[in-house]
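J.: Dropping the sequence and predicted coords here.
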Amino acid sequence: MDRRDFVKRSAITSLFTIVPSSVLNFKGESPNDKIQLGFIGVGRQGRGLMENFIKYDSTAILSCSDVDIDKMNLFEKTYHEKSTTAKKPFHKVKKYSHYREMLNDKEIDAVVIASPDHWHAQMSIDAAKAGKDIYCEKPLSSSVAEGRAMVDATRKYDRVFQTGSMQRSWNQFRHAVELIRNGYIGTVQKVYVAIGDPYKSCDLPTQETPSNIDWDSWIGPTQYRGYHKDLACPIGDKRWAQWRDYFPYGGGMITDFGAHMFDIVQWALNKDNSGPINFEPPKIYSKKGLKFTYQNGISVTHKKWGEANNEIQFIGSEGRLEVSRRYLKTYPNKSLAKKPIDKINPKRVYLSDNHHIDWLQSIRKRKKPICDVEVGHRTATVCNITNIAYALQRSLIWDPVDEKFINDPGANLMLDRTYRSPWNYRDF
């Protein structure tokens, strides 16, 4: 029977029991009209995501999973506090030390993944196999091969996957992209992206592991090393965890904020299903100055071009456009920044004003969200290859169709990374 018949019969027979959506094959829309969520990785970012999703009447937060019991306890405490403030009913959150146990819970429709980057591929693919829809934080993957496998698993199991590159759901970035696509600054010739440095090798000394953390599970599929508080900041430490800076757990700011800023470049240049063809690091070693080029000749240079980090400058034949989270500026016509697109038959892009709601609506409609897994993979590919070029310090020719370097077997070895047994992201 369809959902309308189910609701009608439930009212007649006074059946008020909440039945998991997975049992009735509603694909994300349970009889009580809630998409039931589980959170994997509930540190600072995971809690922040929960505080957003709790606002939406269409969701119910059922469970969480983390290798740190203190963070799970804080997640539950924060959930109860926010529920009380919002005057919403709450319940005891199920807590799982091992995320695969949570994925076995048939009540869960979808998962929100905010783990360290080196876990994204394995967790996302496992979630797809378990029949869960997925919201995974950026950068999507730590290697090109992982990203392609995440796309393939998502398609195989017919999942709705939103990459957490939420700037695509911000008005100033969308308007910047539409101005560029509609030719308001002429033909784009070059782009400058100001973000931080590539990754660095992890040389932190080993410290005693706190009793609240299962450190072997934190390391998971990547190469083992001892605990250090900079990698997994304890509760009360106001910093963002520093694993982002260190290979193989993160990719430095190239992947951390590159997954935001390079993503806007890809979007503006209409390259969501493609990518650059050449990567050229600076002649003399530097943490800035790498240039990559697209087939159409447009170049993108990683450099500090203004007074701040995390900003983009597009140079066109008739003007320039600069955008960040704080501003949108256009030159010489400064009014363009606030000018509606007024061309006949303008080129429009996907409209989303809320990244989370867009994902939830896409789950119900069974459609691709604004930052589908393929989009996230293509942006992560740009980030990961940028790191490879900085590491190798030589020019790289990239084939965005076959997703491999041309005539460079050594560089091709860096498109994947070794997994520690028994983890295997390819097992799907």
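T.: That came through, no problem.
J.: Tell me who's in contact with the residue nearest to the spatial centre of the chain.
T.: Closest residue to the average C-alpha location of the chain: K138 at 2.3 Å, with Cα atoms, centre = their mean. By Cβ atoms under 8 Å, 6 or more residues apart in numbering, the contact list for K138 reads 163-165, 259-260, 263, 376, 379-380. For glycine as for every other residue, the C-beta is placed from the backbone atoms N, C-alpha and C.
J.: what domains does the record give for the chain?
T.: Listed by automatic domain parsing, the domain ranges of the chain are 3-166, 170-198+253-347+373-415, 204-242.
J.: any idea of the mean pLDDT in the shortest one?
T.: Right, domain 204-242. Domain 204-242 carries an average pLDDT of 94.
J.: From start to finish, how long is it in a straight line?
T.: Using Cα to Cα, to the nearest Å, one end of domain 204-242 lies 11 Å from the other.
J.: now this protein, which segments are flagged as low pLDDT?
T.: Applying pLDDT under 70 to the chain flags the ranges 1-32.
J.: mind checking the longest helix of it?
T.: For the chain, the helix that runs over the most residues, judged by DSSP state H, is helix 373-392.
J.: List of residues touching the helix or strand following it?
T.: Per DSSP states H and E, the first helix or strand lying C-terminal to helix 373-392 is strand 396-399. Outside strand 396-399, the residues that touch it by Cβ under 8 Å, 6+ apart are 275-279, 385, 388-389, 404-408, 411.
J.: what packs against the one helix or strand Q162 maps to?
T.: Assigned by DSSP H and E, Q162 belongs to strand 161-163. For strand 161-163, the packing partners by 3 or more Cβ pairs under 8 Å, 6 or more residues apart in numbering; DSSP states H and E come out as strand 133-136, helix 355-365, helix 373-392.
J.: Can you say which of those is packed in most?
T.: With neighbours defined as mean count of other Cβ atoms under 10 Å, these peak in mean count at strand 133-136, which reaches a mean of 28.
J.: Tell me how far that one lies from the chain's centre.
T.: Put simply, strand 133-136 sits 9 Å off its chain's centre (Cα atoms, centre = their mean, to the nearest Å).
J.: Please work out which residues outside the next helix or strand after that strand touch it.
T.: Next helix or strand after strand 133-136 toward the C-terminus (DSSP H and E): helix 144-156. Contacts with helix 144-156, where a contact means Cβ under 8 Å, 6+ apart, come from 120-121, 124-125, 128-129, 134, 140-141, 159, 161, 373-374, 376-377, 380-381, 384-385, 403, 415-417, 425-426, 428.
J.: contacting residues for D105?
T.: 38, 62-63, 94 are the contacts of D105 under Cβ under 8 Å, 6+ apart.
J.: thinking again about what came up before, ok, and the closest non-adjacent residue to the residue nearest to the centre of the chain?
T.: In space, and not counting its chain neighbours, K138 is closest to A259: 3.8 Å by Cβ to Cβ, 6 or more residues apart in numbering.
J.: Show me the contact partners of the helix or strand containing the one you found.
T.: Using DSSP H and E, A259 sits within helix 258-268. By Cβ under 8 Å, 6+ apart, the residues outside helix 258-268 that reach it are 138-140, 165, 167-168, 173, 176-177, 180-181, 188, 191, 193-195, 251, 272, 275, 300, 310-312, 314, 323, 349, 371, 375-376, 378-380, 382-383, 386.
J.: Could you pick out the buried ones from the residues you listed?
T.: Those of the contacts of helix 258-268 that meet the buried threshold are 138-140, 165, 167-168, 173, 176-177, 180-181, 188, 191, 193-195, 251, 272, 275, 300, 310-312, 314, 323, 349, 371, 375-376, 378-380, 382-383, 386, by 16 or more other Cβ atoms under 10 Å.
J.: so how far is G186 from the nearest residue to E137 once chain neighbours are set aside?
T.: Closest residue in space to E137, ignoring its immediate chain neighbours: G164 at 4.2 Å, by Cβ to Cβ, 6+ apart. To G186, G164 is 33 Å away according to Cβ to Cβ, to the nearest Å.
J.: for G410, same thing?
T.: In this structure, G410 and G186 are 40 Å apart, going by Cβ to Cβ.
J.: Those two: which is more packed in?
T.: It is G186, of G410 and G186, that has more neighbours when counted by other Cβ atoms under 10 Å, with 13 against 9.
J.: Excluding chain neighbours, what is closest to A389?
T.: Nearest residue to A389, sequence neighbours excluded (Cβ to Cβ, 6+ apart): F279, at 4.1 Å.
J.: same question, D68
T.: I213 (4.9 Å).
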